[in-house]
Every structure is written in structure tokens, then in C-alpha cells.
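Colleague: Dropping the sequence and predicted coords here.
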Amino acid sequence: MEAFLVALTSSQDKVATATSEVELLQATLNGIGSGVASVADDGRVITSNDRFYDMLRRAGLLSLEFFGRSREEIVTRSLYDVAPRLQQRPRQVTGLTGCKFELQYIDARDQLGGTLILMQDVTSQHRSEQAMQEVLEQKQVIEQARTTFVSQVAHHFRTPLNVILGYIDILSAGDVNEVDAATRNSYLGFIRESASALLLNMNEMMEIIRLQRNQQPVELEARALHTLLSGAIEEIQPVLISEEVELDSGTVFETIGTRCARMDARLARRAMTSLLCTSAVLGGTGSCLRLRAQALASNFLCIKVEFDAGRTDVQSILDSIDSGEPVKEISLTGNASGYGLALAAILLRLCQIEISATAIGERGVCIEMKFSGSDCS
């Protein structure tokens, strides 16, 4: 900076001796990458370069009445008339187009007789820093998602694997005759159920990944709701029996009647089956799965699935429907996986069917699906 001032002062000393020297000074200033101006205390411009006024304009510091005027016209006016905000000596300025500028104010009365103002365009530097910050933030989000995913996968796979290995160790330890047939069959049943849970968790997790990565083709057409629901109920009968869960369908089919809704029948059937199956398992042994239907305005129909959570907490169920988080506490059953509710929600939304979940008291859950009515003909 001192070398710059010395060169500038030396050039000014020569201005009085030759016009060519004045031109040389101006050429030198115009060749500088920064905007440069030396200003007296009253705002009079002692010397400056063209880039300085261009930067004032781009930074939005130049008064509107001076837009489009040449440097020769502007330099005859007080700088504080031309750019009033400079009296406040801003250090950073953002133009209307997002350009960023930094300003420095150096006391150079001894060398130049006033204040030296240096103005620098730092837009590219700022954008590089901003881009780097965005990359770091994105990396942090990805890392957090990866950590969460690994933790979830570890739980859903490690738990049934531990059960399998544990009972295998029991069966393989000691004399085989020491374990009676009933106990052995019981242990084998635990191993089989845990293996089924492991396989189901893997299959439904991979199905969710495929749905999220690929554009799933969806064919929406009018389909009877009665057929959809009755087919799903028939499919989950073995689960209801093995889990000892009662199904209370009430008057749901009477309310549905002959109504139809626009849906992809294959995806909707898969979603409804996964939802009912997972809800039954979440209720636990001896629970009741209640189905209700309600006609809404504008030809909409709402099907509700209600149950009391027995194997997990209510918030975990709400989170699974809302944000796709798997439910952890059911990873030991081969009848439903922790990913069942999340998978059902994704499939239903692909079919443009609204799905939401609310808590009922301390343990109750109500999952609502809103179907848009359509003519079956």
C-alpha cells in the first residue's frame, strides 16, 4: 500500500510539469484492478479512475441523477453529492444484482491531501465462499442422514440376527438329548420368525429405496373401494390369526357402498395391505384393529384405521407416516417390518391418496386415508 501511495504521489508531482504525465497517471489508475479515488475532506475528488465510478454504479451507491454520465462530468462534483452513502463509510456493499463490494478508507493527507478510497469487487470470492458453505452444509446433511440410516439398519438387522445366533448357540451347546422336542421346536420357531423378520425388513427397505430412486409409473383409473379394502383384509387374515388380533370393520363397507376412487389398483392394494398388516402387529396380541369410513364433502371419502399401540409408542407411528422413519420395536416379528407404515405412506401418496395420522389419548392411533371420488363407469 505504501508503494502504491508513493507511486501515486510521484505521478501527481509530475502532473504540473507535463500533460503527458497527467495522461500517464490516469492510464496508471485505470489499469488498477480496484476502484481508486482520493477525496478531500469537503468531498472534492482529487484524483480517481474510471473503474471507481463504474463500481459505485454497480453497487447502487451512485445517485440516480448521475447514472449514464461520464467520469469527466462527475468528477467536478463533490463525491458526497454523487454517492451520499460514502459519508457513512460503509465497509461492505451489495448491489441490486447481488454483486459484493468491499471498501477501504486510508488517511493519505500527507501524500495525497485527503482520504484514499479503495473499492474492490469481491463477488466471485463471496460466491466461492457461499458455494463452499453450501457444499459443507450438504455434506453435513448427507452425513447425518447416512448415520441415521446406518443406525436404523443396524437395529432392524442386528436384533433378529442376535436372536437367531443366540438360539442356535443354545441348541448347539451340550448334548442334543438334553433339550426336549417341545423346547427345540420352540427355539426353532423363534429362529424362523427372526429370519422371516430379517428378510421382510430387507425386502421392504429395498422397496422403499427403489421407490425413492426411480420414477414409479402410476396409472390412475377409477377403481371400486370395496374391492380394494376387501382384498387387503383377505390378504392379512393369516397375520390377524397368528398375532391374535381382532378386526372390527363395523359398517365400513356399508358406508363405502359402490363408491369408486382414482388410484393405481396395484400400488394401492400393496399399500393398504402393508398398512393393515403393520397396524395389526403394532397393536400386539389381543388388540383390536378398527376400520371406519366417513363420507366427506366434494365426493371425498375417508377410510380410518384405528388401534391402540401395544408394541411401540404412538409418536413413533406418527413419525413413520409423516417423515418415513421406520418403527423399531417390531423388528422381531416376521409378520410386519419396521418399514411397513413408511412404505404404505409412500405408495398411497404416489396414488395421490392423502394419508395422515393422529394420536387418540395416550395409546390410541388413527390413520386416515382420503380418497377422491370418481365415476366407476
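Modeller: Great, that's in hand. These numbers were taken from a predicted model, which means no experiment stands behind them. Numbers count the residues shown, from 1 in each chain.

Colleague: drop to CA atoms for contacts and neighbour counts, all remaining ones
Modeller: OK.

Colleague: what's the domain layout of the protein?
Modeller: 2-121, 137-374 (automatic domain parsing).

Colleague: from the middle of its chain, how far away would the last one be?
Modeller: By that I understand domain 137-374. Centroid separation for domain 137-374 versus its chain: 24 Å, with Cα atoms, centre = their mean, to the nearest Å.

Colleague: Kindly check the end-to-end length of it for me.
Modeller: 45 Å (Cα to Cα, to the nearest Å).

Colleague: and if you look at stretch 260-270?
Modeller: Distance between the boundary residues of stretch 260-270 (Cα to Cα) amounts to 18 Å.

Colleague: Return the set of buried residues in that stretch.
Modeller: Counting neighbours by 16 or more other Cα atoms under 10 Å, one finds that the buried residues in stretch 260-270 are C260, A261, R262, M263, D264, A265, L267, A268, R269, R270.

Colleague: Wasn't the last one part of a helix?
Modeller: Yes - per DSSP: H, G, I helix; E, B strand; the rest coil, R270 lies within a helix segment.

Colleague: all strands of the stretch 51-200 of the chain, in order?
Modeller: Taking DSSP state E, counting those that start in this stretch as the criterion, the stretch 51-200 of the chain contains strands spanning 92-94, 100-108, 114-121.

Colleague: now for the longest one, which elements pack on it?
Modeller: Helices and strands touching strand 100-108, by 3 or more Cα pairs under 8 Å, 6 or more residues apart in numbering; DSSP states H and E, are strand 92-94, strand 114-121, helix 123-172.

Colleague: would you list the strands of the stretch 51-200 of the chain in CSV and tack on distance to F67?
Modeller: Output for the strands of the stretch 51-200 of the chain, formatted as CSV (distance: least, Cα to Cα, whole Å):
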stretch, distance to F67
strand 92-94, 18
strand 100-108, 19
strand 114-121, 18
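
Colleague: sorry, back to before: single out the most deeply packed of the domains of the chain.
Modeller: Compared across the domains of the chain, domain 137-374 shows the largest average neighbour count, a mean of 18 (mean count of other Cα atoms under 10 Å).

Colleague: wait, which of the helices and strands packed on strand 100-108 is closest to S38?
Modeller: When the helices and strands packed on strand 100-108 are compared by Cα to Cα, strand 114-121 sits nearest S38, at 4.3 Å.

Colleague: and the angle from that closest one to strand 100-108?
Modeller: 160 degrees (axes from the mean of the first three to the mean of the last three Cα atoms, to 10 degrees).

Colleague: Which strands and helices lie in contact with strand 114-121?
Modeller: Applying 3+ Cα pairs under 8 Å, 6+ apart, one finds that strand 114-121 makes contact with strand 35-39, helix 50-58, strand 100-108.

Colleague: what would these look like in JSON lines with mean pLDDT and distance to P90?
Modeller: Listed next are the helices and strands packed on strand 114-121 as JSON lines, based on pLDDT from 0 to 100; distance: least, Cα to Cα, whole Å:
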{"stretch": "strand 35-39", "mean pLDDT": "86", "distance to P90": "15"}
{"stretch": "helix 50-58", "mean pLDDT": "85", "distance to P90": "12"}
{"stretch": "strand 100-108", "mean pLDDT": "88", "distance to P90": "7"}
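
Colleague: can I get those in TSV with distance to T76?
Modeller: As requested, the helices and strands packed on strand 114-121 are exported to TSV (distance: least, Cα to Cα, whole Å):
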stretch	distance to T76
strand 35-39	12
helix 50-58	13
strand 100-108	21
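
Colleague: about what we covered before: which one of the domains of the chain lies nearest to Q130?
Modeller: Comparing the domains of the chain under Cα to Cα, the one sitting nearest is domain 137-374, at 10.4 Å.

Colleague: that older thread, among the helices and strands packed on strand 100-108, show the one with the smallest mean pLDDT.
Modeller: In terms of average pLDDT, helix 123-172 trails the rest of those, at a mean of 76.

Colleague: so that helix versus strand 100-108, what angle?
Modeller: Orientation check (the same axes, to 10 degrees): helix 123-172 against strand 100-108 gives 130 degrees.

Colleague: tell me what helix 123-172 is packed against?
Modeller: strand 100-108, helix 181-213.

Colleague: what would these look like in CSV with distance to G231?
Modeller: Shown next, in CSV, are those (distance: least, Cα to Cα, whole Å):
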stretch, distance to G231
strand 100-108, 63
helix 181-213, 20
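
Colleague: biggest strand in this structure by residues?
Modeller: strand 364-374 (DSSP state E).

Colleague: what's the average pLDDT for that strand?
Modeller: Per-region confidence: strand 364-374 scores 90 on mean pLDDT.

Colleague: Run me through the strand neighbours of it, direction for each.
Modeller: strand 260-263 (antiparallel), strand 300-308 (antiparallel), strand 354-360 (antiparallel) (DSSP bridges).

Colleague: Of all those strands, which one is nearest S48?
Modeller: Using Cα to Cα, these put strand 354-360 closest to S48, at 65.4 Å.

Colleague: So what touches the closest one?
Modeller: Residues outside strand 354-360 that contact it (Cα atoms under 8 Å, 6 or more residues apart in numbering): 314-315, 317-318, 321-322, 345, 348-349, 365-371.

Colleague: Which residue comes closest to C351 once chain neighbours are left out?
Modeller: Nearest non-adjacent residue to C351, counting by Cα to Cα, 6 or more residues apart in numbering: M263, 5.3 Å away.

Colleague: want to throw the strands paired with strand 364-374 into JSON lines with distance to I208?
Modeller: As requested, the strands paired with strand 364-374 are arranged in JSON lines below (distance: least, Cα to Cα, whole Å):
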{"stretch": "strand 260-263", "distance to I208": "19"}
{"stretch": "strand 300-308", "distance to I208": "22"}
{"stretch": "strand 354-360", "distance to I208": "17"}
